[in-house]
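# quick one, what's the 3D model for this:
(one chain, ligands or ions: 1)
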Amino acid sequence: MSLDSKAVRREFALLERELGGQPLTYLDSASTAPRPRVVLAAIGRYHAEFTGNVHRGVHALASEASEAFEAARHVVAAHLGATPGEVVFTAGVTDAANLVADALALGPEHEVVTTQVEHHSNLLPWRKRATVRTLPTRDDGCPEFDALESVCTPRTRLIAVHHVSNVLGTLAPIERITAFARARGIRTFVDGAQSTGHVPLDMRRLGCDFFAFSGHKVGGPAGSGALFVREALLDELATARVGGGMVARVRDGDCEWRSGAARFEAGTPNVEGVLGLAAALAWLARLGREDVAAHSALLARQMYEQCARLPGVRVLGSTQLEQRTPLVSLVLPAGGLDAQSVARTLSDAFGVLVSAGQHCTHPLHERLELDATLRASAWIHNDEGDIERFVGALRGLIA
Ligand SMILES: Cc1ncc(COP(=O)(O)O)c(C=O)c1O
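Alright, predicted model coming up:
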């Protein structure tokens, strides 16, 4: 069965809004996705029915909140193909990468291998603590993954790589990378910000040590997210953040940390964020993860093919469509309107929402000698009509 994108669209209150008298064509989910009504309802229920702190209180509402919070961990685990004990709630990918950098106790003597394609959030946390080495980049923007052997050294502690690039929309060969890393005792961190709402996930198959994603890219609230940590690592990692909730006993002079994922969740968590996130993922599961993936693949093809036909426009990333998600970054014809002006005009005159700029990937734009690209990114609420409206309006602006 395929997704009924019209019915899916109705699940988003935001998409009832008009802009300049036009219905919204929301093609900016890579930046932040619209939230379905089930997410708004889950957050509302926590506020209206069982507000309480988790894992601390003894009263009835605190128990209900704790139960809902732990049920959310099961939902996230099911989405990731992990066990609930391997799920650490975070504020998103940026938070998760910083947490992992601390938990691995990285220092300048350690090397982290990554690519020039990474979002700054999968670059700067490593650069702050360790020595970063990057794979070379092809002219289409894709990393040369074949160069891993020559870039890794005996000092390489971690390979940190995107699952799907937020500029290229292409899938990285994660299973190949993790097999390579495992054979050399190197840890792997996968940035799943742009894959989690599009492709079915299975942590065992991916074979990574860490996998992070952000709630707001899968229809959940901003400031929510989760980090998968392979079970065998949970107790060998350093304690990254300390405070209430992650400690079993505190005495003068020493502490006994809690074990497992709880050791990485210091302080009151973003309870409503976690509940909203679980509501989004449970909804995706009800839609059918295979159907969601098939819809993404269809949109990816339509988007690439329509954009590649635009005169004078270059689409970054791989031409192998089965490796693409519905995200295109476009280099606009020289001498015409710049990407930012085009994005603003698309919004105000056509109700079409896309991104423009360097999308938190300065090294990639510098490598490709680009000031800015125009990025359109689709999700489950979009259909071919949305892509046609975007491409049609863009064609008029660049003519
Ligand atoms: C590939 C990628 N990684 C990391 C991030 C950072 O996510 P967050 O700001 O939610 O931490 C983003 C957000 O745009 C992203 O696209």
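
# the helix or strand hosting residue 157 and the ligand in contact?
Assigned by DSSP states H and E, residue 157 belongs to strand 156-162. Yes - Strand 156-162 reaches the ligand (Cβ under 6 Å from any ligand atom) through residue 162. All C-beta spots, glycine's among them, are computed from the backbone N, C-alpha and C.

# and that strand, how far out from the chain's middle?
Remark: strand 156-162 is offset 17 Å from the chain centroid, using Cα atoms, centre = their mean, to the nearest Å.

# put the alpha carbons of whatever helix or strand comes next after that strand into PDB.
Following strand 156-162 in sequence order, the next helix or strand is helix 174-183 (DSSP H and E). Written as PDB, here are the backbone C-alpha positions of helix 174-183 (Å, rounded to 0.1, in the frame of the first residue of the first chain):
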ATOM      1  CA  ILE A 174      27.200   3.100   6.700                       C
ATOM      2  CA  GLU A 175      27.400  -0.700   6.800                       C
ATOM      3  CA  ARG A 176      30.600  -0.600   4.800                       C
ATOM      4  CA  ILE A 177      32.100   2.100   7.100                       C
ATOM      5  CA  THR A 178      31.100   0.400  10.300                       C
ATOM      6  CA  ALA A 179      32.500  -3.000   9.100                       C
ATOM      7  CA  PHE A 180      35.800  -1.200   8.300                       C
ATOM      8  CA  ALA A 181      35.800   0.500  11.700                       C
ATOM      9  CA  ARG A 182      35.000  -2.600  13.700                       C
ATOM     10  CA  ALA A 183      37.800  -4.500  12.100                       C
END
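
# let me see the residues that make contact with helix 174-183.
145, 148-149, 159, 161, 163, 186-188, 190, 205-208 (Cβ atoms under 8 Å, 6 or more residues apart in numbering).

# let's see it at 7 Å
Identification of contacts with helix 174-183 by Cβ atoms under 7 Å, 6 or more residues apart in numbering yields 145, 148, 159, 161, 163, 187-188, 190, 205-208.

# which of these are buried? Put it as a PyMOL command.
A single PyMOL command selects the buried members of these (16 or more other Cβ atoms under 10 Å):
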select buried, resi 145+148+159+161+163+187+188+190+206+207+208
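
# kindly indicate which of the contacts of helix 174-183 lies nearest the ligand.
residue 163 (8.2 Å; Cβ to the nearest ligand atom).

# ok, back up a step: ok, the strand holding residue 157: who's next to it in the sheet?
strand 111-115 (parallel), strand 187-191 (parallel) (DSSP bridges).

# kindly report the residues of the stretch 151-300 of the chain close to the ligand.
Counting by Cβ under 6 Å from any ligand atom, the residues of the stretch 151-300 of the chain near the ligand are 162, 166, 191, 193-194, 214.

# nearest to residue 349, of the strands paired with strand 156-162?
Residue 349 lies closest, by Cβ to Cβ, to one member of those: strand 187-191, at 34.5 Å.

# tilt between that closest one and helix 174-183?
160 degrees (axes from the mean of the first three to the mean of the last three Cα atoms, to 10 degrees).

# what about residue 35, distance to the ligand?
Using Cβ to the nearest ligand atom, to the nearest Å, residue 35 is found at 14 Å from the ligand.

# what does the closest residue to that residue other than its chain neighbours show for phi and psi?
Distances taken as Cβ to Cβ, 6 or more residues apart in numbering put residue 219 closest to residue 35, at 5.4 Å, once the chain neighbours are dropped. Main-chain dihedrals, residue 219, degrees, to the nearest 10: phi 90, psi 0.
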